[in-house]
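how would this look folded up:
(one chain, ligands or ions: 1)
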Amino acid sequence: MDGKKYKILIVCLGNICRSPAAEEVLRQLVAERGLANRIEIDSAGTYGGHSGQLPDQRMRVHARRRGYELTHRARRITGYDMGDFDMIVAMDDANRIDLERLARTPEEKRKIVMIGDYITQNPHYDYVPDPYYEGSEGFELALDLLEDACVQLLNKIMTKIK
Ligand code: 4NP
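Down below sits the predicted model:
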C-alpha cells in the first residue's frame, strides 16, 4: 500500500439526483467498513447546467429519510477526471456513451463501469433510471437500486485495493 487512495467518480447527467445520492450511499458503506482512509469518492455530471447547485430538493428529502445528508455541489466532469480517477461509474447507457467520448486512451475507457452490473435485487433494471421528471416513487426506486448496487460495487472495489 503506497498511501494513495483508490479514487471513485460516480457520474450521472445532472449531478443533482442519482450520482450525489450514490456518492453518499457508497461513502457510508466505506465508513462502516473502516475504509475511509483508503477510498475517495466524488461525483460529477455529463451536463453542466446545474453546476454549483446542491442536490435536487426532492432527492435530499428522500435520502435524508434513509440517513443520508447530501451536501455535494454539482460539477461537470472534465477530461482531467478521466485520468485522475481509478474507477468511473455510469448510471445509464447515455452516461456511458458520453464518458467513452471523453476518454482519451484505452486505459481511461477501461475505467468506466456500469452501476447496473452491480444491481442484484431488482431484475427489471440494469441501470438507474433518471428520477428528475418522476414522482416520489422514482426517487425511492433510485435509492433502492443504489443501496443494493453500492454494496456489490464496494465488494468489487475491495478486490482492487487488497
Ligand atoms: P441526474 O438527474 O442525472 O440524476 O442528476 C437529472 C437532473 C437534471 C436534469 C436531468 C437529469 N436536467 O435535464 O436538468
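
so who does residue 5 touch?
Applying CB atoms under 8 Å, 6 or more residues apart in numbering, we find residue 5 in contact with 37-40. Quick note: C-beta positions are derived from backbone N, CA and C, even for glycine.

cool, residue 115 as well?
Residue 115 touches 10, 22, 89-91, 127-128, 145-146, 149, 153, counting by CB under 8 Å, 6+ apart.

please flag which of those residues sit within strands.
In strands, judged by DSSP state E, the following of the contacts of residue 115 are found: 10, 89-90.

how much distance is there from stretch 142-151 to the middle of the chain?
Counting by CA atoms, centre = their mean, to the nearest Å, stretch 142-151 is centred 10 Å from the centre of its parent chain.

let's have the chain start at 678 instead
That works, and once the first residue is 678, the last one we named lands at stretch 819-828.

any idea of the mean pLDDT for it?
Across stretch 819-828, pLDDT averages out at 98.

ok, so of the contacts of residue 792, who is nearest the ligand?
Nearest to the ligand, judged by CB to the nearest ligand atom, of those is residue 768 at 6.7 Å.

dihedrals phi and psi, the closest one?
The phi and psi torsions at residue 768 (degrees, to the nearest 10) take the values phi -80, psi -30.

quick check: it vs residue 709, distance?
Residue 768 sits 23 Å away from residue 709, going by CB to CB, to the nearest Å.

between these two, who's got more neighbours?
Taking neighbours as other CB atoms under 10 Å, residue 768 and residue 709 compare with residue 768 leading, 27 against 10.

picking up where we left off before, which of the ones in strands among the contacts of residue 792 count as buried?
Buried by 16 or more other CB atoms under 10 Å: 687, 766-767, out of these.

tell me the pLDDT of the residue in the chain positioned nearest to the ligand.
Closest approach between the chain and the ligand, counting by CB to the nearest ligand atom: residue 691, at 2.6 Å. Confidence at residue 691, expressed as pLDDT, is 98.

that one: how many residues sit nearby?
A count of neighbours around residue 691, defined by other CB under 10 Å, yields 22.

which helix or strand contains it?
In the assignment (DSSP states H and E), residue 691 maps to no helix and no strand.

any weak-confidence spans in this structure?
Residue ranges of the chain with pLDDT under 70: 678-679.

can you list the residues of this structure near the ligand?
With CB under 6 Å from any ligand atom as the criterion, the chain meets the ligand at residues 689-695, 726-727, 807, 809.

which of those count as buried?
Burial by neighbour count, judged by 16+ other CB under 10 Å, picks out 689-695, 727, 807, 809 from the residues of the chain next to the ligand.
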